[in-house]
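[1] just a sequence and a predicted model for now, questions to come.
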Amino acid sequence: MLKPVFMTTLIFLSGCTTIVIDEYRRSDGELAMGDSVVILGRRHSSDYETEPDLISCVGSELHNPALGVNIIPEKEFVDIMYPWFEPRTAPMHVRSLDRLLENAGVRERMEAYGVKYIVWIDGSTETTASAGSISCTISTGGAGCFGFGTWDKESDYEASIWDFRDRELSGKLSADAKGTSYMPAIVIPIPLIARVKNNACKGMAAQLQQFLVPSSGASS
Amino acid sequence: MKHRIKWNFPAPLVAMAGLLLLMASCTHTVQVADDYPTPVGEQIPLSVGIYLSEDFKNYTYREDSEDREEWNINTGRAQKNLFETVLGSMFSNTVSLSQFPQKVPANVEIVLVPEVRELQFTMPRETRVNIFEVWIKYDINAYDPQGEQLANWVITAYGKTPTAFLKTQEQALAQAINIALRDAGATLYTGFEKVPELRAFLSGKLRSASLQEFKVKSRKME
């Protein structure tokens, strides 16, 4: 008796999300022992910036030394390479890597950290629409809210995978996620949040893992 | 989404709470203090004196206009750390000067004196974009050891941060300023040798060094 009630409650406690992943692959991942991957967010656009929490989410989903995927955290990498990966100075194209690697210090650090792939993620999550109204009242007789609110969120991210050693673009991934959150309020507001950004992160991390370690795709 | 809240509290309590809220919301204080990473790259073969004035080390931007609430933004300590770290690793030898143009050590070839010309910021409600933005403009002056100006150039720095993961306006603004300061360091580091007067000074120095080396080698051969 309790199980159906629990399942129904779970279904209603989260909003719905749809996610679409596209992939373009030029070569398969070739991670060897000791190789590292860096995941960085693009921050050069004027009206949005790729959120650091999304980059850290993709990194922590992917980091799996047992599987041979070693992720260098974004902040640590940007600090050890300062000032060459700041929004103003970061290479925008794979061919710019040649110029950057003329700097002996940069080359040595990249080699010391075993950087094989640099993954650039560009995009953001935005609230696209909202509707509804909730009224809350507090009086001597008690307090309560009544109403209904809803809002839509949309994630749009693209990841470019650069092979640092071969200086070439290995592939591109894109993740588009949409979702609607609801907040019915009958005395107490109950938020039913669609985890749009989190789903985009998980979708992108799963696809990146298949790209970097092709053999893991079959098992996952 | 619209939220309507009706409060039924005693009037004196509401007035006092309102007054407290008003007092708290009138002045915003931002203290930016951070350490910055050392740049990666080759050092320029120069012995450089760095003079950071007291105004520079304690720089506080104050704004109290009709359109905005009062803001006190202290970037002095952070920019002192930044300039000392970046300039300290840029050159083969650096000396921090407590006075200028007096008491310049004999081995110093150039003295660098940065000054803040301007600081500006925008809040999300002003731009209708969910981002805090900061611009800082610095004047960088290069002098010879006698105090004659060799070069003067401007570096502009930009930093932004979205509001999503930050709790207060002050924290968001401090983060945007911190990003702008990192940008200032990057511009200073990558732009120094592009200043025409300094490029000429450096190539003159390298020419005279190689001429000296040539003379020494010639004497040895004789």
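    Cool, got the structure.

[2] C-alpha only now, for contacts and for neighbours.
    OK.

[3] tell me which strands the strand or helix carrying B:Ala151 pairs with, and in which orientation.
    In this assignment (DSSP states H and E), B:Ala151 forms part of strand B:149-162. Strand B:149-162 has its sheet partners listed here by DSSP bridges as strand B:131-143 (antiparallel).

[4] what parts of chain A come near chain B?
    Counting by C-alpha under 8 Å from any C-alpha of the partner chain, the positions of chain A adjacent to chain B are A:47-49, A:51, A:79-84, A:86-89, A:103-106, A:130-140, A:149-150.

[5] may I see the PyMOL selection of the buried members of the residues you listed?
    The PyMOL command for the buried members of those (criterion: 16 or more other C-alpha atoms under 10 Å in any protein chain shown) is given here:
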select buried, chain A and resi 48+49+51+79+80+81+82+83+84+86+87+88+89+106+130+133+134+135+136+149+150
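
[6] could you list which of the residues of chain A next to chain B belong to strands?
    Counting by DSSP state E, the residues of chain A next to chain B place A:130-139, A:149-150 in strands.

[7] among the residues you listed, which one has the lowest pLDDT?
    Scanning these for pLDDT, the low point is A:Ser139. It has 85.

[8] the helices in chain A, which residues?
    Secondary structure of chain A by DSSP state H: the helices cover A:2-12, A:52-62, A:74-80, A:96-100, A:104-112, A:196-212, A:216-219.

[9] export these as JSON lines, with columns for mean pLDDT.
    Formatted as JSON lines, the helices of chain A follow (pLDDT from 0 to 100):
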{"stretch": "helix A:2-12", "mean pLDDT": "53"}
{"stretch": "helix A:52-62", "mean pLDDT": "94"}
{"stretch": "helix A:74-80", "mean pLDDT": "95"}
{"stretch": "helix A:96-100", "mean pLDDT": "90"}
{"stretch": "helix A:104-112", "mean pLDDT": "93"}
{"stretch": "helix A:196-212", "mean pLDDT": "92"}
{"stretch": "helix A:216-219", "mean pLDDT": "53"}
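
[10] what pLDDT does the closest residue to B:Val195 other than its chain neighbours get?
    Spatial nearest neighbour of B:Val195, excluding adjacent residues (C-alpha to C-alpha, 6 or more residues apart in numbering or on different chains): B:Trp153 at 7.4 Å. If you check B:Trp153, the pLDDT there is 97.

[11] what is B:Trp153 paired to in the beta sheet?
    B:Ile140.

[12] about what we covered before: deepest-packed of the helices of chain A, please.
    Of the helices of chain A, the one with the most neighbours on average (mean count of other C-alpha atoms under 10 Å in any protein chain shown) is helix A:196-212, at a mean of 22.

[13] packing partners for that helix?
    Counting contacts by 3 or more C-alpha pairs under 8 Å, 6 or more residues apart in numbering or on different chains; DSSP states H and E, helix A:196-212 is packed against strand A:16-25, helix A:52-62, strand A:142-163, strand A:168-189, helix A:216-219.

[14] worst mean pLDDT among the ones you listed?
    Among the helices and strands packed on helix A:196-212, helix A:216-219 scores lowest, with a mean of 53.

[15] any idea which residue is closest to the centre of chain B?
    B:Gln79 (4.4 Å; C-alpha atoms, centre = their mean).

[16] wait, doesn't that residue sit right on B:Leu181?
    Yes. Using C-alpha atoms under 8 Å, B:Gln79 makes contact with B:Leu181 at a distance of 6.9 Å.

[17] returning to what we had before: need the residues that contact the strand holding B:Ala151.
    By C-alpha atoms under 8 Å, 6 or more residues apart in numbering or on different chains, the residues outside strand B:149-162 that reach it are A:48-49, A:51, B:130-144, B:172-173, B:175-181, B:183-184, B:187-188, B:195, B:197-198.

[18] what residues are up against A:Ala33?
    If you look again at residue A:33, you'll see it is Met, not Ala. Per C-alpha under 8 Å, 6+ apart, neighbours of A:Met33: A:Gly68.

[19] wait, B:Val108
    Shown in contact with B:Val108 (C-alpha under 8 Å, 6+ apart): B:47-49, B:95, B:145.

[20] okay, now the unreliable bits of chain B?
    Chain B contains residues with pLDDT under 70 at B:1-25, B:164-166, B:209-217, B:219-222.

[21] where along it do the helices fall?
    Here chain B has its helices, by DSSP H, at B:11-26, B:54-57, B:76-90, B:124-127, B:169-191, B:196-221.

[22] could you report the neighbour count for B:Glu148?
    The local packing of B:Glu148 (other C-alpha atoms under 10 Å in any protein chain shown) involves 11 other residues.

[23] that one and chain A, how far apart?
    Distance of B:Glu148 to chain A, computed by C-alpha to the nearest C-alpha, to the nearest Å: 31 Å.

[24] ok, now B:Lys205?
    For B:Lys205 relative to chain A (C-alpha to the nearest C-alpha), the value is 22 Å.

[25] these two touch, right, B:Glu193 and B:Arg199?
    Yes. Assessed by C-alpha under 8 Å, B:Glu193 is found in contact with B:Arg199 at 5.4 Å.

[26] for B:Asn130, what are its contacts?
    A:48, B:124, B:162-164.

[27] please check these and keep the buried ones.
    Buried, going by 16+ other C-alpha under 10 Å: A:48, B:162-163, out of those.

[28] any chance of those residues in JSON lines, with distance to B:Pro39 too?
    Listed next are these as JSON lines, based on distance: C-alpha to C-alpha, whole Å:
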{"residue": "A:Tyr48", "distance to B:Pro39": "27"}
{"residue": "B:Pro162", "distance to B:Pro39": "26"}
{"residue": "B:Thr163", "distance to B:Pro39": "29"}
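
[29] isn't A:Lys197 right next to A:Thr127, touching?
    No. With contacts counted by C-alpha under 8 Å, A:Lys197 stays clear of A:Thr127, the gap being 11.0 Å.

[30] how about the ones in strands among the residues of chain A next to chain B, which pair is most distant?
    A:Ser130 and A:Ser139 (28.6 Å; C-alpha to C-alpha).

[31] on the pLDDT front, check A:Ala66 for me.
    88.

[32] what about it, neighbour count?
    A:Ala66, neighbours per other C-alpha under 10 Å, totals 7.

[33] what's the answer for B:Lys103, then?
    Counted with other C-alpha under 10 Å, B:Lys103 comes out at 11.
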